[in-house]
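Asker: would you be able to build a 3D model of this:
(chains A and B)
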Amino acid sequence: MPMHEMSIAQNIIDIAASEAKKAGVRNVLELELEIGKLAGVEYESLEFALGILAPGSVIDGCNLVIHKPDGQAVCCDCGFRFFTDSHISTCPECNSYYCSVDCGKELKVKSILVD
Amino acid sequence: MCDTCGCGEPGSKAVIRLPGESNQNNHDHNHDHEHDHNHHGERRISVESDILSANNLLAERNRGYLEAMGILAINIMSSPGSGKTSLLEKTIIDLRDEISFFVIEGDQQTLNDAQRIESAGAPAVQINTGNGCHLDADMVNKALKKHSLEKGSVVMIENVGNLICPSLFFLGEKKRVVIMSVTEGEDKPVKYPAMFESADLCLINKTDLLPYLEYDLGKAMEFGRKVNHQLHFIEVSAKTGQGMERWYEWLRNEKSSV
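Answerer: Sure thing, here's the model as predicted:
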């Protein structure tokens, strides 16, 4: 399956496994992720990949929570901040193309819930 | 800002200590994480870890090694068929008396590209990613060890032909070059913004075919700049050599500032 969500899912499991080991537990009850809407990750593909890799890992059977922060950009010309669903935005205030996306690219394991 | 917890207090300066020396914190508050405890004995462990941190760390390790060796590493990315290997062949043939190259080739299968590069006169290592759609820092780390690298040389990393996945994975490169060819649509940058956003240079290849196509170079560059305001463009034909001198200038310039 050629998709980077597979690598990302494996990285998530590695991080969860290392944290679970530190905490001295074998299983994670809940995995809390933060994946921004502009992070370049397809949520469905990621959930699918996690589902494939889960059996036998610390996240097997755990509850998955994914926070999906919206994309936000700042206009470099007038400073206006706005929500966006694209890497390419035009400032709604001054129509400038010079906008910088600074939120929505998060790729993070936020927390794990363990017993 | 305190760099441990992000509170408003002034950040502590870097502390450099000898073993056994104590670290006196210059402000007084608790850095423990909040853990939820409920009556079943469940606890929440705050992780706050970047999912790509393992790759990023290894990429930094590669970068440090390359920097110490005075080696310029370039990550070359494009869709399949836009002429990455042809461009490398031409570059190696034209500059082999001046620059010592080492090429890392990424493809799902076959040794074809590595063989083409070796025929052009540069040592090459082929990474076959199997089902993988991109190179990662670990693969590049292993590939770098396959060859005794010369100080001051140039490492060209030809990524797997794909405009999506490779953009997320840093390899330790100094610069990222994305190639698009005039046989593709002008709107590649807006269709695959993550790739073009992270690139330093965009080579527009196969310009010898322009007379036969309705490709609008100006439009392609406009799309590229919409995604990445700093993106630099060079139009080339790896086949005829047209424009290649500007690319070589860019390379020499990057090489001199490693």
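Asker: neighbouring contacts of the helix or strand of chain A with the lowest mean pLDDT?
Answerer: When each helix and strand of chain A is scored by mean pLDDT, DSSP states H and E, strand A:99-103 comes last, with a mean of 92. Strand A:99-103 is contacted by residues A:36, A:38, A:69-76, A:84, A:87, A:89-91 when judged by C-beta atoms under 8 Å, 6 or more residues apart in numbering or on different chains. (C-beta placed from N, C-alpha, C; glycine too.)
Asker: show me what the following helix or strand past it is packed against.
Answerer: Note on strand A:99-103: by DSSP states H and E, the next helix or strand toward the C-terminus is strand A:107-114. On a contact count with 3 or more C-beta pairs under 8 Å, 6 or more residues apart in numbering or on different chains; DSSP states H and E, strand A:107-114 meets helix A:4-23, strand A:28-35, strand B:43-50.
Asker: starting from strand A:107-114, tell me which strands it pairs with and how they run.
Answerer: The pairing partners recorded for strand A:107-114 under DSSP bridges are strand A:28-35 (antiparallel), strand B:43-50 (antiparallel).
Asker: enumerate the residues of chain A near chain B.
Answerer: A:1-4, A:7-8, A:11-12, A:14-16, A:19, A:23, A:29-30, A:32-33, A:40, A:76, A:86-88, A:97-98, A:107-115 (C-beta under 8 Å from any C-beta of the partner chain).
Asker: at 7 Å instead, please
Answerer: Counting by C-beta under 7 Å from any C-beta of the partner chain, the residues of chain A lying close to chain B are A:1-4, A:7-8, A:11-12, A:14-15, A:19, A:23, A:29, A:40, A:87-88, A:97-98, A:107-115.
Asker: just name the most buried of the strands paired with strand A:107-114.
Answerer: Compared across the strands paired with strand A:107-114, strand A:28-35 shows the largest average neighbour count, a mean of 21 (mean count of other C-beta atoms under 10 Å in any protein chain shown).
Asker: identify the residues contacting it?
Answerer: A:12, A:16, A:20, A:41, A:43, A:46, A:58-59, A:62-69, A:106-115, B:42 (C-beta atoms under 7 Å, 6 or more residues apart in numbering or on different chains).
Asker: check which element follows it along the chain.
Answerer: Later in the chain than strand A:28-35, the nearest helix or strand by DSSP H and E is helix A:43-53.
Asker: pLDDT averaged over that following helix - what is it?
Answerer: The average pLDDT within helix A:43-53 is 95.
Asker: okay, it in PDB with CA atoms only?
Answerer: Backbone C-alpha positions of helix A:43-53 (Å, rounded to 0.1, in the frame of the first residue of the first chain) are rendered in PDB as follows:
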ATOM      1  CA  TYR A  43      -7.800  10.900   8.100                       C
ATOM      2  CA  GLU A  44      -9.400   7.800   6.600                       C
ATOM      3  CA  SER A  45      -6.200   6.400   5.300                       C
ATOM      4  CA  LEU A  46      -4.500   7.000   8.700                       C
ATOM      5  CA  GLU A  47      -7.300   5.300  10.600                       C
ATOM      6  CA  PHE A  48      -7.100   2.400   8.100                       C
ATOM      7  CA  ALA A  49      -3.300   2.200   8.500                       C
ATOM      8  CA  LEU A  50      -3.500   2.300  12.300                       C
ATOM      9  CA  GLY A  51      -6.200  -0.500  12.100                       C
ATOM     10  CA  ILE A  52      -3.800  -2.700  10.100                       C
ATOM     11  CA  LEU A  53      -0.800  -2.100  12.300                       C
END
